[in-house]
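[1] dropping a prediction and its sequence here:
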Amino acid sequence: MRVKPITLGLAILTLSSTALTGVIMSNVHATEVNPSQVENVAQEPIVPADVYERLGHPDVIITKDDGFFVKTPQPVLDFSQDEIVYDSAMTTDETKVIIAYDDTYIKEEDNK
């Protein structure tokens, strides 16, 4: 009996793919994941409130033109509008006060 080459090729392909699938399945090992390990990875660190507050509100701002501004506890009202900026990136040589991060920063000295 004569078998067509296409049928013989399909039979060999089916057998080899079945054997290859068996080899792959025998080499794959599922590892057991401990649920407590997953919970520990998913949790974010707890930061104390005072540390978190300090991270968002720096004590000193140093500008691109080496201006040195220090945080003051109370707002200062004896400056003109030309000497006050609300964004530390917009400072000039005439800037004396930065109001940012809900705090007031006053120029202390030039670091030149």
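    Now that the structure is in, tell me what you want to look at. Numbering: from 1, shown residues only.
[2] in whichever strand in the chain runs longest, what counts as buried?
    Under DSSP state E, the strand in the chain containing the largest number of residues is strand 103-110. Applying a neighbour-count criterion of 16 or more other Cβ atoms under 10 Å, one finds 104, 105, 107 buried in strand 103-110. Every residue, glycine included, has its C-beta placed from N, CA and C.
[3] again with stretch 5-13
    In stretch 5-13, not a single residue counts as buried (criterion: 16+ other Cβ under 10 Å).
[4] report the mean per-residue pLDDT for that stretch.
    Mean pLDDT, computed over stretch 5-13, is 88.
[5] next, work out how far apart the closest residue to residue 97 other than its chain neighbours and residue 15 are.
    Spatial nearest neighbour of residue 97, excluding adjacent residues (Cβ to Cβ, 6 or more residues apart in numbering): residue 84 at 4.6 Å. Relative to residue 15, residue 84 is positioned 83 Å away (criterion: Cβ to Cβ, to the nearest Å).
[6] between those two, tell me which one has more neighbours.
    In terms of neighbours (other Cβ atoms under 10 Å), residue 84 is the more surrounded of residue 84 and residue 15; the figures are 14 against 10.
[7] ok, now which ones touch that one?
    Contacts were defined as Cβ atoms under 8 Å, 6 or more residues apart in numbering; by that measure residue 84 touches 95, 96, 97, 98, 99.
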